[in-house]
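> I'll drop the sequence and a predicted model, then ask my questions.
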Amino acid sequence: MFNLNFSIKSTLANRTLAGVRTSFVMTAVLLLFCAASCKEDENEPKNEPEDKTVPVTDVTLSSATTTVAGTPLTLAATVEPATATNKTIVWSVKAANGTGATIADSVLTVSTAGNVVVAATIAKGVAAGEDFTKDFTIIVTPALPVVVETPMRYIENDRIKLGIDLNLGGAVTFLSDNDNGGKNMINSFDWGRQIQMSYYSGPWPYIGPNGETPADNWAGLGWNPIQSGDAGGHRSTVTAFEMRGQNAMFVRCIPMQWPHTAGVPGDCEFECLYTLEDNVITMEATIVNNRSDKTQYRACSQEMPAVYTNGPWYNLVTYLGDQPFSGQPVTNIVTRNDGKGCPWVHFYTPENWVALLDGNGKGIGVFQPEVMTFNGGFHPGDALKGFGGAKDGQTGHIAPVGTQILDANIRWTYKTAFILGTLNDIRSYAQKHWQAVTPPEWTFQNSRQNWYYQGDASDTGFPIEDMLDIRFKKNASLVSPVTFWKAADAPVLEIEGAFETASKQITLAIEIQPVGKSDFTDWLNWSEGDQNAETERQQKAIQFPAMPPLILSETIQADGVNRVYSINPATSPDYKNVNKSLKFTFSEDGSAKIKRIKLL
């Protein structure tokens, strides 16, 4: 008989085994599938958390863009869009530009006028790992001048008395000599006179930091800060004054831009040290530039300084010739009833001095050891020569004139002496202190030594360190200051430097300017009334012809290696007598690192 129970158990067992096998197979398949899937996932990029930052698109300054030196300014700005995730601004000073600017808790404090660049930074303002930053320029003007009730400060001895006015930037408004009556010699008809510092640079015209435009009649002067004040009657601001013993005083001021009538302060400082010894006042004048405009503008004529006397001092005297301090007679450039004096005239004097004398032959001499070119004259003309006071319009004028590049950050100092007394007193002092190096040598260790550029050329700017590092285009020139040397004393010209051009060589056109008969007279600076500069030039050309320059050509290596190049102008029969300047013109684009130039 068939065992039904066994048959059922067998069947169930077989089914169970089959199920286990089926389950095992399915499990294995699933495991293999998962393993494959996991390997595929490892090769796919993982999903990072989404950056939901709403980025900052702009920041607009809502606080003032100008402030006054010494007055705190709380900085504030509007963040766009308003829905930006991060909007907290942290302020910092990016460029103080000599103003002494600091920021604490969003409050800007500045001690000196100038332009300050501040930065507004928002952490994670653009994205989780990127900040937003924007810069702003804050214009800082000087504190309003406080009119000093007793502004005059003096140094004096038993003969000479010098006075400066602290309400006019420390300009000289009083100078007297007890040996000549003790009357004030200095004219103050307006704030463009006195004895004061004045400088010139670009651009032309100069537009103020808030868009101020100059008066039309002064626009051609460009950037022109002066010590006293501006043409609109705004005073310069004295920021420091001190007596230095009994015979010296120091003053620092923020000047005003003369061509502007709206009150535009200079983005610079003037420092001046006046020292009195016997019958001589020494003026040590320094300009410290803090300009935000970093352009290297062309060199300009600089007054070192401008001197304006009262009407009694009208006789303009100097030596015109090519034999300095050899007992040669002087020339009366302007005297009584000669129809001369206005417009101003310019002239070359190798003795470095000019005097304004009164009818008694006494007055003031100006000695500038670096300069042999001067301006001078008497305004307005013959009818008012010989009389007038400090507030009268008639005035005598002297200005030593040098040519100088004024870099945006330059600190430049000159020293000029004022000698009171007779013509003999003045000329004797000049001879004793004459510093002309003959033959001349220029070593560019820490300054340009009064050299400058014409055409498309510039250097690396102030400070000058061991060389003139120049970039130039074809036909640009390097020009010397006006000086004095005898050809017989200097047969050789040496240049030490490294020149570099694409062709590995360069031709220098070397222009040597002789002193000629045109240097033995004066020339009008401009035309006015019946005084015409061009007519005068034509009339004087016969009696005082100009000497043509001697031009030499020298081809030198220009592979960037420093060398000493010797040039022999004495091989030319036209190199003779007395000379006054050099000029090097470059034949092609290139660069040069010039360490020294020497005549020997």
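Nice, I can see it.
> list the buried residues of stretch 120-138.
In terms of neighbour count (16 or more other Cβ atoms under 10 Å), stretch 120-138 has its buried residues at 120-122, 124-126, 132-134, 136-138. (Glycine included, C-beta is placed from N, CA and C.)
> now secondary structure and distance to Asn290 too, for the residues you listed, in TSV please.
Compiled in TSV, these are given as follows (DSSP: H, G, I helix; E, B strand; the rest coil; distance: Cβ to Cβ, whole Å):
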residue	secondary structure	distance to Asn290
Ala120	strand	23
Thr121	strand	25
Ile122	strand	30
Lys124	strand	35
Gly125	strand	31
Val126	strand	33
Phe132	strand	29
Thr133	strand	24
Lys134	strand	23
Phe136	strand	18
Thr137	strand	13
Ile138	strand	14
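> from those, pick the one nearest Leu599.
Thr137 (47.1 Å; Cβ to Cβ).
> check contacts around the closest one.
By Cβ atoms under 8 Å, 6 or more residues apart in numbering, the contact set of Thr137 is 65, 115-118, 292.
> how close does the residue nearest the centre of the chain sit to Thr295?
Central residue of the chain (Cα atoms, centre = their mean): Leu406, 2.5 Å from the mean position. The spacing between Leu406 and Thr295, counted by Cβ to Cβ, to the nearest Å, is 11 Å.
> top of the contacts of Thr137 by neighbour count?
Val116 (26 neighbours; other Cβ atoms under 10 Å).
> list the contacts for that one?
Val116 neighbours (Cβ under 8 Å, 6+ apart): 93, 95-97, 99, 101, 108, 110, 137-138, 140.
> can you give me how far the strand ranked longest in the chain is from the chain middle?
Longest strand in the chain by number of residues (criterion: DSSP state E): strand 493-514. Put simply, strand 493-514 sits 27 Å off its chain's centre (Cα atoms, centre = their mean, to the nearest Å).
> just the CA atoms of it, as CSV, please.
Coordinates of each C-alpha in strand 493-514 appear next as CSV, following Å, rounded to 0.1, in the frame of the first residue of the first chain:
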residue,chain,number,x,y,z
LEU,A,493,81.8,113.7,-22.4
GLU,A,494,81.2,110.5,-20.5
ILE,A,495,77.9,108.7,-20.0
GLU,A,496,77.6,105.7,-17.8
GLY,A,497,74.5,103.6,-18.2
ALA,A,498,72.7,100.6,-19.7
PHE,A,499,70.8,101.3,-22.9
GLU,A,500,68.4,98.7,-24.5
THR,A,501,66.6,98.7,-27.8
ALA,A,502,65.2,96.0,-30.1
SER,A,503,68.1,96.5,-32.6
LYS,A,504,70.8,96.2,-29.8
GLN,A,505,72.2,99.6,-30.7
ILE,A,506,71.1,103.2,-30.6
THR,A,507,72.2,106.5,-32.1
LEU,A,508,72.4,109.5,-29.8
ALA,A,509,72.1,113.0,-31.3
ILE,A,510,74.1,115.0,-28.7
GLU,A,511,73.3,118.7,-28.8
ILE,A,512,75.7,121.1,-27.0
GLN,A,513,74.4,124.7,-26.7
PRO,A,514,77.1,127.4,-26.7
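> tell me which residues of it are tucked away?
493, 495-499, 501, 506-508, 510-514.
> residue contacts, Ala101?
Counting by Cβ under 8 Å, 6+ apart, Ala101 has contacts 93, 108-110, 116, 118, 140.
> rerun that using 7 Å as the cut-off
93, 108, 110, 116 (Cβ atoms under 7 Å, 6 or more residues apart in numbering).
> what about it, distance to Met547?
For Ala101, the distance to Met547 - Cβ to Cβ - is 54 Å.
> what are the boundaries of the helices in this protein?
Here the chain has its helices, by DSSP state H, at 4-43, 423-433, 533-543.
> what helices or strands is the last one leaning on?
Think helix 533-543. Identification of packing neighbours for helix 533-543 by 3 or more Cβ pairs under 7 Å, 6 or more residues apart in numbering; DSSP states H and E yields strand 523-524.
> which stretches of this protein aren't confidently modelled?
1-49, 142-148 (pLDDT under 70).
> what residues does stretch 154-166 touch?
Against stretch 154-166 from outside (Cβ under 7 Å, 6+ apart): 148, 151-153, 170-179, 238, 241, 247-249, 251, 274, 276, 279, 281, 420.
> all strands for the stretch 51-200 of the chain, in order.
Assigned strands in the stretch 51-200 of the chain, in chain order: 58-61, 66-68, 73-74, 77-80, 90-95, 102-104, 107-109, 114-127, 130-141, 152-156, 160-165, 171-177, 195-196 (criterion: DSSP state E, counting those that start in this stretch).
> buried residues in the fifth one?
Within strand 90-95, the residues that qualify as buried by neighbour count (16+ other Cβ under 10 Å) are 91, 93-95.
> now for that strand, which elements pack on it?
strand 102-104, strand 114-127.
> keeping just the C-alphas, turn the longest one into PDB.
So that's strand 114-127. Coordinates of each C-alpha in strand 114-127 appear next as PDB, following Å, rounded to 0.1, in the frame of the first residue of the first chain:
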ATOM      1  CA  GLY A 114      44.300 114.800   0.700                       C
ATOM      2  CA  ASN A 115      42.500 111.800  -1.000                       C
ATOM      3  CA  VAL A 116      41.900 108.600   1.000                       C
ATOM      4  CA  VAL A 117      40.800 105.300  -0.600                       C
ATOM      5  CA  VAL A 118      38.600 103.200   1.700                       C
ATOM      6  CA  ALA A 119      37.400  99.700   1.000                       C
ATOM      7  CA  ALA A 120      34.000  98.300   1.900                       C
ATOM      8  CA  THR A 121      34.100  94.500   2.300                       C
ATOM      9  CA  ILE A 122      31.200  92.100   2.800                       C
ATOM     10  CA  ALA A 123      32.300  88.600   4.000                       C
ATOM     11  CA  LYS A 124      30.800  85.900   1.800                       C
ATOM     12  CA  GLY A 125      29.000  88.700  -0.100                       C
ATOM     13  CA  VAL A 126      29.300  87.000  -3.500                       C
ATOM     14  CA  ALA A 127      29.100  83.300  -2.500                       C
END
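> parallel or antiparallel, list what pairs with it.
strand 90-95 (antiparallel), strand 130-141 (antiparallel) (DSSP bridges).
> got it, and the shortest one?
According to DSSP bridges, strand 102-104 has the following sheet partners: strand 107-109 (antiparallel).
> what comes up buried for the partner strand?
Those would be 108-109, for strand 107-109 by 16+ other Cβ under 10 Å.
> again with stretch 95-111
Result for stretch 95-111 [16+ other Cβ under 10 Å]: buried residues 95-99, 101, 103, 106, 108-111.
> what's the answer for stretch 454-464, then?
457-459, 462, 464.
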